[in-house]
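Student: Here is a sequence together with a model predicted from it:
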Amino acid sequence: MKIAVLGSTGQTGRLVIARALERGHDVIALARRPEQVGEPAAGNLRVVRADVTEPGSVTAAVEGADVVVSALGITRRQDPAILVEGARQIVSAAPRVIWLTSLGMGATEGALGTLTGALLKRVLRHEWEAKDVSGRTVREAGGTTVHAGPLTDKPHQGNGRLIRTGDFTRRLIPPMAPRAGIAALMVAEAETPHFTDADTIALFEDR
């Protein structure tokens, strides 16, 4: 299948690309700065310049893709409207979207308890509303949002799974999520959809 990756120059986005290529898919890497994509453009990888702040560039870039997997994120210095605009452009251009977001935000607000939730909102207030709106935009278009806890660089041990938000038991300490595991779960969901039109939470059991 053909998978387009938004946020392809970030740490998680690069792992999504690597995983999709490993699984034998054709990959379109969307990037504002194509030279920063970790994988060299060759074989079944095509790197395309696209910027959510430039209307039309994303639509053209994902043409022909079966699904868009997004690892789009922002820094404190960036406008959070990037997330909202990115979601809106992607859902209007792609047949299906899998969107990475944060546990405890958006549809999972309250999942980490009152105290932890208040602390999280204070720390991430810059992007709080934008993550809620962007996730809702994806879900209402029939896509899947993946809510992950704090991301780590630990190796993926095949111990992860996606669950519906309603099946998550509230906990004060958010479960850690290896980036490689998140990439594997998102690509697996792209290959075989189980959670269309749904908010999910990524869980990784200790081994």
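Tutor: Received the coordinates, thanks.
Student: ranges for the helices of this structure?
Tutor: Taking DSSP state H as the criterion, the chain carries its helices at 11-22, 57-61, 81-93, 114-123, 128-140, 179-191.
Student: for the third one, the distance to its chain's centre please.
Tutor: With Cα atoms, centre = their mean, to the nearest Å as the basis, helix 81-93 stands 12 Å off its chain's centre.
Student: circling back to that earlier point, now tabulate the helices of the chain in a markdown table and tack on mean pLDDT.
Tutor: Converted to a markdown table, the helices of the chain look like this (pLDDT from 0 to 100):
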| stretch | mean pLDDT |
| --- | --- |
| helix 11-22 | 94 |
| helix 57-61 | 89 |
| helix 81-93 | 91 |
| helix 114-123 | 85 |
| helix 128-140 | 93 |
| helix 179-191 | 97 |
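Student: Select, out of these, the one closest to L172.
Tutor: Nearest to L172, of all those, is helix 114-123, at 5.2 Å by Cβ to Cβ. In this view, the C-beta of every residue, glycine as well, is placed from N, C-alpha and C.
Student: Tell me what angle the closest one forms with helix 128-140.
Tutor: Relative orientation of helix 114-123 versus helix 128-140 (axes from the mean of the first three to the mean of the last three Cα atoms, to 10 degrees): 100 degrees.
Student: The helices of the chain into a markdown table, with extra columns for distance to D167?
Tutor: Shown next, in a markdown table, are those (distance: least, Cβ to Cβ, whole Å):
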| stretch | distance to D167 |
| --- | --- |
| helix 11-22 | 24 |
| helix 57-61 | 33 |
| helix 81-93 | 24 |
| helix 114-123 | 19 |
| helix 128-140 | 16 |
| helix 179-191 | 15 |
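Student: Distance to M105 and mean neighbour count for those - can I get that in JSON lines?
Tutor: Shown next, in JSON lines, are the helices of the chain (distance: least, Cβ to Cβ, whole Å; neighbours: other Cβ atoms under 10 Å):
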{"stretch": "helix 11-22", "distance to M105": "16", "mean neighbour count": "22"}
{"stretch": "helix 57-61", "distance to M105": "23", "mean neighbour count": "18"}
{"stretch": "helix 81-93", "distance to M105": "11", "mean neighbour count": "21"}
{"stretch": "helix 114-123", "distance to M105": "7", "mean neighbour count": "13"}
{"stretch": "helix 128-140", "distance to M105": "5", "mean neighbour count": "20"}
{"stretch": "helix 179-191", "distance to M105": "15", "mean neighbour count": "23"}
